[in-house]
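>>> sequence and predicted model, in that order:
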Amino acid sequence: MHILALTGSLRERSINTELLRAFALVAPMGTRVTLFDGLGLLPHFNPDLDQEGMVPPLAVAQLRAAVAAADALLISCPEYAHGVAGSFKNLLDWLVSGSEMPGKPVCVVSASAGARFGPPSLVETLRAMSTVVVTGEAVTIPVNGRRLDAADIAADADLTNGIRATLGAIAETVTAAQTSLE
């Protein structure tokens, strides 16, 4: 199973990105978690650049190819002003009109127990994009405020239990989605 991890932060040492990297460290045999690192390369969404028959900007084509190749998506996005980070909303805007998202299992994980508005808003956007939201809502793995890197997160038993449970839920959703296609 291939899970594409999408971070909603442009910060080099973002706790959201470190959490996604920890997922890659904890993933069981047979599960590969890769981090998409092109968020900052995406141009501002402009429908004039995304019309039928046009070649999209290179960063957009790379994003779409990565999403299409994944069995599932894992998203961790910071909450800004009670909403989804603008850079991540831009990423979603580039995917909204494509064929990559409908039916795709997607899991939203929050690194902050205090994020009460952004994750549900993100889940609602993903539902509008016809994805299959794993667990039906965002999962919280409370790393917030601890300044941990991916290895530290993976070494914490409580956090690792949450990561493993989330990976299990993703695997179940992917299996169910694949079975329904057969």
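Here it is on my side, so go on.

>>> could you look up the SS state of the residue sitting nearest the centre point of the chain?
The chain has Ile75 as the residue nearest its centroid, 1.9 Å off, counting by Cα atoms, centre = their mean. Using DSSP: H, G, I helix; E, B strand; the rest coil, the structure places Ile75 in strand.

>>> contact partners for it?
Neighbour list for Ile75: Ala5, Leu6, Thr7, Gly8, Phe88, Val106, Cys107, Val108, Val109, Leu122, Leu126 [criterion: Cβ atoms under 8 Å, 6 or more residues apart in numbering]. To be clear about C-beta, it is placed using only N, CA and C from the backbone, and glycine gets the same treatment.

>>> so which of those are in strands?
Among the contacts of Ile75, DSSP state E puts Ala5, Leu6, Thr7, Val106, Cys107, Val108, Val109 in strands.

>>> the residues you listed into a markdown table, with extra columns for pLDDT?
Below are these laid out as a markdown table (pLDDT from 0 to 100):
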| residue | pLDDT |
| --- | --- |
| Ala5 | 98 |
| Leu6 | 98 |
| Thr7 | 97 |
| Val106 | 98 |
| Cys107 | 98 |
| Val108 | 97 |
| Val109 | 97 |
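
>>> can I get these in a markdown table with neighbour count and distance to Asp50?
Formatted as a markdown table, the ones in strands among the contacts of Ile75 follow (neighbours: other Cβ atoms under 10 Å; distance: Cβ to Cβ, whole Å):
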| residue | neighbour count | distance to Asp50 |
| --- | --- | --- |
| Ala5 | 24 | 24 |
| Leu6 | 27 | 19 |
| Thr7 | 27 | 23 |
| Val106 | 24 | 21 |
| Cys107 | 26 | 26 |
| Val108 | 27 | 24 |
| Val109 | 24 | 28 |
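
>>> tell me what the longest helix seen in the chain is packed against?
For the chain, the helix reaching the highest residue count under DSSP state H is reported as helix 157-181. With contacts taken as 3 or more Cβ pairs under 8 Å, 6 or more residues apart in numbering; DSSP states H and E, helix 157-181 sits against helix 15-26, strand 72-76, strand 105-110, strand 139-140, helix 150-155.

>>> can you list the buried residues in it?
Leu159, Thr160, Gly162, Ile163, Thr166, Leu167, Ala169, Ile170, Ala171, Thr173, Val174 (16 or more other Cβ atoms under 10 Å).

>>> one more: stretch 12-21?
Under 16+ other Cβ under 10 Å, the buried positions of stretch 12-21 are Ser14, Ile15, Asn16, Thr17, Glu18, Leu19, Leu20, Arg21.

>>> one more: stretch 127-142?
Using 16+ other Cβ under 10 Å as the burial criterion, the residues of stretch 127-142 that qualify are Met129, Thr131, Val132, Val133, Val134, Thr135, Ala138, Val139, Thr140, Ile141.
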